[in-house]
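Next comes the sequence, and after it the predicted model I'd like to discuss.
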Amino acid sequence: MVFGTLALVLVGAVGLTGYVLWLLRADTLSNGLDTAALLTRSIEDYLTRSLQVTELAAANALPVGQLPGQRAHIGQALSQILRQAPHLRSISLQDENGTILASSNPANVNRNVATDSFLPVVLGVAYGLRIGPLWSGRDFDQGQPALSNSAQNLPSFIPVISSVVLGERSLTLLFALNPDYFQHYMTQQLDPAAGTVTLARLDGSLLITTAQHISATDDEWQSPAERTLRFNEQEFGQFQQFKTDPGGGWHALTAYRVSSVYPFVVMTHLNRDQVLNRFRTEAVTISGVVAPSLLVITWLVFAFYRRQRLLEEQRAEGERLQRINAAKVFSHTREGILITDAQGSILDVNDAFTQITGYRRDEVLGKNPRFLSSGRQNAAYFASMWQDLRLHGHWRGEIWNRSKDGGVFAELLTISAVADSQGQVQQYVGLFSNITSTKQLQDRLETLAHFDALTQLPNRVLLADRLEQAVSQALRRQLQLAVVFIDLDGFKAINDNYGHDAGDQLLITVAQRMRQVLRDGDTLSRQGGDEFVAVLVDLPEPAACTPLLQRLLQAVSTPVPMNTMQLAVSASIGVTFFPQLQDLDGDQLMRQADQAMYQAKLAGKNRWFVFQPQQPNGAAP
């Protein structure tokens with residue numbers, strides 16, 4: 001009876017110990033898969049944002065104008081953008097036949113690059129980025145599409161294209177992505193000894209990998225389990241598999257995630273043996289306690305109870321670290337991370353947060369992130385943000401915040417809600433990066449594209465847009481508008497006699513005077529040289545613009561003091577009105593006003609003429 005009871009106790013103890021070890025192993029593997037998923041999401045988000053920056057650069061890379069006289073300027077502009085993009089090797093401009101017209105690398109010019117195999121596959125002109133297969137070489141001048149038998153250690157790059165319209169032509173911007181930059185980032189996120197990271201197109205073409213034994217040109221890089229994945233049906237997931245290598249192979253904990261914007265997938269493979277090292281240590285400890293004999297069974301039960309409690313605490317701590325202190329997983333990231341509780345009080349921040357905002361961790365703990373607000377976004381903006389968080393569990397957008405030194409900076413912010421098993425939100429995790437320089441570059445490019453560099457008046461492009469809006473407004477309000485073409489009389493003589501600096505200063509002064517005599521709703525634009533165009537809106541009748549025309553003539557003819565001299569010019573002004581009996585667009589109105597201006601010059605200058613629609617080539621004062 002005693003031996004039977006003892007045997008039952010022994011069997012029960014051994015069975016219980018085995019069950020605990022099985023649970024511990026399963027929990028360790030589950031945590032490993034979750035870690036792989038977090039790493040995959042971080043790397044995918046970084047790659048997606050890098051490509052979005054590239055797409056933004058593509059949208060602002062080209063100057064306004066026709067191509068024949070702009071190639072050298074385009075090459076300089078592309079080189080300037082390349083200096084601020086370490087993830088790019090070169091930026092080039094292709095014509096409709098795939099021939100490179102201009103490039104940040106002059107050696108690329110005249111090289112023909114076929115883009116038929118780029119993803120996603122589209123018909124006609126495609127806007128947005130498309131990713132091509134891997135090329136060998138450092139750039140297009142000496143590169144070629146990588147072959148499956150290419151040497152593993154040869155340099156390579158990833159071609160990416162984006163369609164643009166220049167004048168009347170549909171051209172293509174061609175980017176050479178630097179895979180070494182992204183591979184370095186991947187190895188920073190995951191030590192190669194602990195696992196590998198791969199980046200591939202959705203058609204299975206390998207682009208980047210941190211695996212030492214796999215070449216980026218290897219067609220057989222996928223395992224059988226990976227070949228069965230359907231990325232168009234499920235954009236993310238995690239599973240266990242066996243990966244082969246020259247040493248025989250290894251078991252991997254794999255997580256994958258498809259970019260929400262671009263046609264690529266990121267896979268993270270954690271070495272299962274590395275993940276289970278801690279489990280093995282714990283298993284040896286438990287087995288060593290159980291093994292000696294039944295004499296220590298009571299102690300073993302006590303030890304098991306303590307061990308179970310410790311495991312529960314470790315599991316709870318692991319979940320807390322995953323949900324509350326995710327910054328430790330990304331301790332080397334350059335993006336700022338802050339974690340709050342459900343009420344919005346800050347629980348933790350990482351070092352990048354301190355570098356971006358200037359606030360130390362101990363200065364922000366317990367505070368609400370609203371203390372960073374710059375005041376640029378109103379309450380409705382944040383109400384919409386919280387509504388998206390409640391409905392979808394996440395939000396992404398741009399916010400202007402204020403740093404500790406009082407400076408205002410722009411950040412690209414992603415907020416995710418972390419819920420418990422019952423769906424109750426426990427924490428919010430915010431991931432942000434400083435995009436102030438990108439916004440400043442965007443504003444600068446916007447100014448250069450729409451305003452005259454000398455007078456800061458709207459240029460031809462912005463005038464065309466405002467004239468189109470004014471025409472629509474005149475029809476809607478049943479009022480009239482006037483298009484006024486202004487040409488300075490005698491300006492060439494001032495340039496010739498006193499130099500271009502004096503001429504530029506005169507243009508600036510005259511432009512300011514004309515702008516001051518117009519109303520707030522009117523537009524004054526410089527067309528180039530000494531030509532200006534004004535759009536006068538909300539006129540009840542043509543005669544209502546007469547006082548404005550008189551003030552324009554007076555503003556131009558008033559002498560401009562220049563050192564000890566008085567420089568004087570006059571203006572010849574042509575005027576046309578809208579609406580007319582015929583339907584006219586902005587270009588036709590501009591031509592009518594131009595014709596009337598020439599009639600004013602022929603009539604003796606320093607006056608205005610009004611175009612008469614019933615006399616196609618005539619005008620009258």
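Good, I have the coordinates. Numbering: from 1, shown residues only.

C-alpha only now, for contacts and for neighbours.
Fine.

can you pull the contacts of the residue nearest to residue 560 when sequence neighbours are not counted?
Distance criterion C-alpha to C-alpha, 6 or more residues apart in numbering; nearest residue to residue 560, sequence neighbours excluded, is residue 567 at 5.0 Å. Contact analysis of residue 567 by C-alpha atoms under 8 Å, 6 or more residues apart in numbering lists 494, 506, 559-561.

got the buried residues for stretch 137-145?
Buried residues in stretch 137-145, counted by 16 or more other C-alpha atoms under 10 Å: 137-140, 144-145.

In strands, which of those residues fall?
144-145 (DSSP state E).

Could you identify the longest helix within this structure?
Across the chain, the longest stretch assigned as helix under DSSP state H is helix 2-60.

How far off centre is it?
32 Å (C-alpha atoms, centre = their mean, to the nearest Å).

and that helix, what does it pack onto?
strand 156-166, helix 179-189, strand 236-243, strand 250-258, strand 264-271, helix 272-275, helix 277-290 (3 or more C-alpha pairs under 8 Å, 6 or more residues apart in numbering; DSSP states H and E).

With pLDDT and distance to residue 121 as added columns, please give the buried residues of stretch 137-145 in TSV.
Formatted as TSV, the buried residues of stretch 137-145 follow (pLDDT from 0 to 100; distance: C-alpha to C-alpha, whole Å):
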residue	pLDDT	distance to residue 121
137	90	25
138	90	25
139	92	23
140	92	22
144	89	21
145	88	18
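
what about the strands in the stretch 501-621 of the chain?
523-528, 531-539, 560-562, 565-567, 570-578, 607-611, 619-620 (DSSP state E, counting those that start in this stretch).

Which of these has the highest mean neighbour count?
strand 570-578 (a mean of 27; mean count of other C-alpha atoms under 10 Å).

Now do that one: everything it contacts.
471, 474, 480-490, 542, 553, 556-557, 589, 592-601, 605-612.

do stretch 458-467 as well
Stretch 458-467 is contacted from outside by 449-452, 523-527, 535, 586, using C-alpha under 8 Å, 6+ apart.

So for it, mean pLDDT?
Average pLDDT, stretch 458-467: 89.

Next, report how far that stretch is displaced from the centre of its chain.
27 Å.

Could you do stretch 243-255 as well?
35 Å.

cool, stretch 192-205 as well?
On C-alpha atoms, centre = their mean, the centre of stretch 192-205 falls 23 Å from the chain's centre.

buried residues in it?
192, 195-202, 204-205.

Put together TSV for those, with distance to residue 277, pLDDT and secondary structure on each row.
Converted to TSV, those look like this (distance: C-alpha to C-alpha, whole Å; pLDDT from 0 to 100; DSSP: H, G, I helix; E, B strand; the rest coil):
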residue	distance to residue 277	pLDDT	secondary structure
192	16	88	coil
195	14	91	strand
196	18	92	strand
197	21	94	strand
198	24	92	strand
199	27	92	strand
200	30	90	strand
201	33	89	strand
202	34	86	coil
204	32	83	coil
205	33	85	coil
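
Could you export the contacts of residue 567 as a markdown table, including distance to residue 373 and pLDDT?
Listed next are the contacts of residue 567 as a markdown table, based on distance: C-alpha to C-alpha, whole Å; pLDDT from 0 to 100:
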| residue | distance to residue 373 | pLDDT |
| --- | --- | --- |
| 494 | 52 | 89 |
| 506 | 44 | 90 |
| 559 | 49 | 92 |
| 560 | 47 | 91 |
| 561 | 47 | 90 |
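
Could you single out the nearest of those residues to residue 432?
residue 506 (47.6 Å; C-alpha to C-alpha).

Quick check: nearest residue in space to the closest one, chain neighbours excluded?
Residue 506 sits nearest to residue 560 (C-alpha to C-alpha, 6+ apart), 6.7 Å away.

The one you found and residue 603, how far apart?
The gap separating residue 560 from residue 603 is 25 Å, by C-alpha to C-alpha, to the nearest Å.

What of residue 557?
Taken as C-alpha to C-alpha, the span from residue 557 to residue 603 is 17 Å.

neighbour-wise, which of the two wins?
Per other C-alpha atoms under 10 Å, whichever of residue 557 and residue 603 has more neighbours is residue 557, with 18 against 14.

State the number of residues packed around the closest residue to residue 60 other than its chain neighbours.
Once flanking residues are discounted, residue 60 sits nearest to residue 445: 6.5 Å by C-alpha to C-alpha, 6+ apart. Residues contacting residue 445 under the criterion other C-alpha under 10 Å number 16.

pretty sure residue 96 contacts residue 166?
No: applying C-alpha atoms under 8 Å as the test, residue 96 and residue 166 come out as separate, 11.5 Å apart.

So the two - more neighbours on which side?
Neighbours were counted for residue 96 and for residue 166 using other C-alpha under 10 Å; residue 166 has more, 15 against 10.

Could you list the low-confidence segments of the stretch 301-450 of the chain?
Low-confidence segments of the stretch 301-450 of the chain (pLDDT under 70): 301-303, 318-331, 447, 449.

mind running it again at 90?
Applying pLDDT under 90 to the stretch 301-450 of the chain flags the ranges 301-338, 342-345, 347-358, 360-394, 396-413, 417-428, 430-450.

Spell out the residue ranges of the helices in it.
For the stretch 301-450 of the chain, the helices defined by DSSP state H, counting those that start in this stretch cover 351-357, 361-364, 379-392, 436-450.

Can you tell me which of those is most buried?
Highest mean neighbour count among the helices of the stretch 301-450 of the chain (mean count of other C-alpha under 10 Å): helix 351-357, a mean of 19.

which other helices and strands contact that helix?
So helix 351-357, by 3+ C-alpha pairs under 8 Å, 6+ apart, packs with strand 336-341.

Parallel or antiparallel, which strands does the strand it packs on pair with?
strand 346-349 (antiparallel), strand 425-434 (antiparallel) (DSSP bridges).
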